[in-house]
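Q: I would like to see how this sequence folds:
(2 chains)
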Protein chains: 2
Amino acid sequence: MTARRIDGKAAAAALRERVAAGVAAFRAKAGRAPGLATVLVGEDPASAVYIRSKNRATAEAGMESFHHQLPDTISEAELLDLVGRLNADPAVDGILVQLPLPGHIDASRVIETIEPSKDVDGFHAMNAGRLATGLPAMVPCTPLGCLQMLKDELGSLSGANAVVIGRSNIVGKPMAQLLLGESATVTIAHSRTRDLPDVVRRADVVVAAVGRPEMVRGDWIKPGAIVIDVGINRVPTDDGKGRLVGDVAFDEAAEVAAAITPVPGGVGPMTIAMLMRNTLVAAHRRAGLNDPEGL
Amino acid sequence: MTARRIDGKAAAAALRERVAAGVAAFRAKAGRAPGLATVLVGEDPASAVYIRSKNRATAEAGMESFHHQLPDTISEAELLDLVGRLNADPAVDGILVQLPLPGHIDASRVIETIEPSKDVDGFHAMNAGRLATGLPAMVPCTPLGCLQMLKDELGSLSGANAVVIGRSNIVGKPMAQLLLGESATVTIAHSRTRDLPDVVRRADVVVAAVGRPEMVRGDWIKPGAIVIDVGINRVPTDDGKGRLVGDVAFDEAAEVAAAITPVPGGVGPMTIAMLMRNTLVAAHRRAGLNDPEGL
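A: Residues are numbered from 1 along each chain as shown, chains lettered A, B, ... in the order given. Have a look, this model is predicted:
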């Protein structure tokens, strides 16, 4: 291995410290703590783990955490009603409805009901559009975390050839917007892309977000590139426990790249830290304060 | 010249015929004509020409045209007030405020005040976000016209390597979203891009929207590529009249490309035809009807 291993845990810890300091400063100015409301419908174990992590991080940052646990028999109308109450609640700066939702509930209708200024996941079309047009927006946490790690590595991204693999609304598309905002030359590749290895070989920056275990091979990577691996895939092992791998064949890519995020311990920890950051930013904007600096 | 010359006038005329037929069908269903309100602040001669063309095209398509001519001394509050009245007017399906606006008026505030369902220019952040996330949107007219010409040429764009030069909110960025929606592999290049000729040489589809006369040279074009030239630049001539050229050196590129739009007579005519199309689509959506077919 020649590549630097980008330590997502350390970057996330540093960000959470900056957020905690920002929370203290906000309390002093606004006379209250920022508040994050989380909504979990049903009992999906993975979703429950995520929500617990988010609520714990919220408390650790000195923010108020309001958790709403709902049975998966709840109607869409009841859920929209709860979102409406959270929109109106002045103690709530951020609203996060954990996805996926049960099949009888239209997730996009739920997302579009969240007040955009409280949409700390950045999934509302208004926020996607504000990001796309260069206005202040709530930006999805995962690509925001990836961007932070890239800026920590490279300083300026201006003129860099960046390839984003994957075009989801949650990662790929906002990632491309963020890179474009930093004046990278951005290529968005996906399942229909012809000769993907050749496209990736031209990239100074690779962000892989496709959800296919170890799809990106070492010989696709340009020597000296920075590789950010968003994928978290569980693959079977002989002992039956399985293990987590990314979308990039780590050991191969690490022989060629200048720096690479591991899985786990790379992008993942940054995502929750960015949720804390977004909640703090939302609290500032809702209170009419300038965005906190250095976040 | 070996390239096909893409006839924007003919494509626009065909689209306007389809729109006129759609208007007649809408009148029969809804009992009224679609209506487009245009707002011109001040006396800028170029803006006045554009607005007259738009109003004439509206009438020719069988739609109602409501024109509001305002002095450039109008306050921002008065203009926002007019936009509010047009938002509330049931006879108005589309609202177009001609840009640029005088310096004392914040154009982005005006755009954000237009009801998104009536935003036939597609500049509102809500529409940019709906386009970015794959929801039904009002899409800016110029990139929509470019896409139509590309689909007319190529049928499917799936897997094509497309390069968009320019990252404006009005052309470059929505163009990239549209191409991505058609499953092209999309690269967005701009003034910070390194070795732009090399980036363009890989493209099956080139859309140039930078506003620099004949910047894209013939030897940048991959043999057999389709070239869409959005630029309209006036360059000086010996007789003092000047002449219009695009962002692409037409004669050079036409030796290499499979097809290319001329300037004038390429993208330009399609833009106004797409404004008519957007107004008709807005009327359908506001009336609770399915989008008209074939548009």
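
Q: could you list every residue that touches the closest residue to chain B within the stretch 101-250 of chain A?
A: Sorted by distance to chain B under Cβ to the nearest Cβ, the residues of the stretch 101-250 of chain A start with A:Gly129, at 2.8 Å. All C-beta spots, glycine's among them, are computed from the backbone N, C-alpha and C. Listed by Cβ atoms under 8 Å, 6 or more residues apart in numbering or on different chains, the contact set of A:Gly129 reads B:His124, B:Ala125, B:Met126, B:Asn127, B:Ala128, B:Gly129, B:Arg130, B:Leu131, B:Ala132.

Q: at 7 Å what do you get?
A: Taking Cβ atoms under 7 Å, 6 or more residues apart in numbering or on different chains, we find A:Gly129 in contact with B:Ala125, B:Met126, B:Asn127, B:Ala128, B:Gly129, B:Ala132.

Q: In strands, which of the residues you listed appear?
A: Among these, DSSP state E puts none in strands.

Q: Let's see if you can find the most crowded of those residues.
A: Neighbour counts for the contacts of A:Gly129 (other Cβ atoms under 10 Å in any protein chain shown) peak at B:Ala128, which has 31 neighbours.

Q: pLDDT score for the closest residue to that one other than its chain neighbours?
A: Excluding the flanking residues, the one nearest B:Ala128 by Cβ to Cβ, 6 or more residues apart in numbering or on different chains is A:Gly129, at 3.6 Å. Per-residue pLDDT puts A:Gly129 at 98.

Q: same deal with A:Leu144?
A: 98.

Q: likewise A:Ile221?
A: For A:Ile221, the predicted pLDDT is 98.

Q: can you list contacts of stretch A:11-27?
A: Applying Cβ under 7 Å, 6+ apart, the contact partners of stretch A:11-27 are A:33-34, A:61-63, A:148-149, A:152, A:269-270, A:273, A:276-277, A:280, A:283-284, A:292, A:294-295.

Q: Please check the residues you listed and keep the buried ones.
A: A:33-34, A:61-63, A:148-149, A:269-270, A:273, A:276-277, A:280, A:283-284, A:292, A:295 (16 or more other Cβ atoms under 10 Å in any protein chain shown).

Q: Could I get the phi/psi values of A:Ala189?
A: Dihedral pair for A:Ala189: phi -110, psi 160, per degrees, to the nearest 10.

Q: Quick one: residues contacting it.
A: A:Ala189 makes contact with A:Val163, A:Val164, A:Ile165, A:Leu196, A:Val199, B:Thr185 under the criterion Cβ under 7 Å, 6+ apart.

Q: Distance of the last one relative to B:Thr2?
A: Per Cβ to Cβ, to the nearest Å, B:Thr185 is found 26 Å from B:Thr2.

Q: Between these two, which has more neighbouring residues?
A: Each of B:Thr185 and B:Thr2 has its neighbours counted (other Cβ under 10 Å); B:Thr185 has more, 29 against 10.

Q: Run through the bridge partners of the more buried one.
A: B:Thr185 forms beta bridges with B:Asn161, as assigned by DSSP bridges.

Q: Next to chain B, which bits of the stretch 51-200 of chain A? Give me the list.
A: For the stretch 51-200 of chain A, the residues in contact with chain B (Cβ under 7 Å from any Cβ of the partner chain) are A:125-130, A:132-133, A:135, A:158-159, A:167, A:169, A:173, A:180, A:183, A:185-189, A:192-194, A:199.

Q: how much space between A:Ala30 and chain B?
A: Distance, A:Ala30 to chain B, by Cβ to the nearest Cβ, to the nearest Å: 26 Å.

Q: Could you give the number of residues near the residue nearest to that residue when sequence neighbours are not counted?
A: Ranked by Cβ to Cβ, 6+ apart and with sequence neighbours excluded, the top spatial neighbour of A:Ala30 is A:Ala287, at 4.9 Å. The tally of other residues near A:Ala287 (other Cβ under 10 Å) stands at 14.

Q: What of A:Ala12?
A: Using other Cβ under 10 Å, A:Ala12 is surrounded by 25 other residues.

Q: Likewise for A:Gln69?
A: A:Gln69: 12 neighbours (other Cβ under 10 Å).

Q: give me the element it is part of.
A: Element membership of A:Gln69 [criterion: DSSP states H and E] is strand A:64-70.

Q: And A:Leu40, by the same measure?
A: Secondary structure from DSSP H and E places A:Leu40 in strand A:35-41.

Q: Quick one: mean pLDDT for the longest helix belonging to chain A?
A: Scanning chain A for the helix with the most residues, using DSSP state H, yields helix A:8-30. Averaging pLDDT along helix A:8-30 yields 97.

Q: quick revisit: mind exporting the strand holding A:Gln69 as PDB, just the C-alpha atoms?
A: What follows is strand A:64-70, C-alpha atoms only, in PDB (Å, rounded to 0.1, in the frame of the first residue of the first chain):
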ATOM      1  CA  GLU A  64     -31.800  18.900  21.700                       C
ATOM      2  CA  SER A  65     -33.000  15.600  20.200                       C
ATOM      3  CA  PHE A  66     -36.700  14.900  19.700                       C
ATOM      4  CA  HIS A  67     -37.400  11.300  18.600                       C
ATOM      5  CA  HIS A  68     -40.700  10.100  17.200                       C
ATOM      6  CA  GLN A  69     -41.100   6.400  16.900                       C
ATOM      7  CA  LEU A  70     -44.200   5.400  14.900                       C
END
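
Q: Name the residues that touch that strand?
A: Residues outside strand A:64-70 that contact it (Cβ under 7 Å, 6+ apart): A:33, A:35-41, A:55, A:58-59, A:79, A:82, A:91-92.

Q: And stretch A:102-117, how far out from the chain middle?
A: On the basis of Cα atoms, centre = their mean, to the nearest Å, stretch A:102-117 sits 18 Å off its chain's mean C-alpha point.

Q: whoops, stretch A:15-35 was the one
A: 21 Å.

Q: Tell me, what's the model's pLDDT at the nearest residue to A:Lys29 once chain neighbours are set aside?
A: In space, and not counting its chain neighbours, A:Lys29 is closest to A:Leu289: 6.4 Å by Cβ to Cβ, 6+ apart. Looking at A:Leu289, its pLDDT stands at 96.
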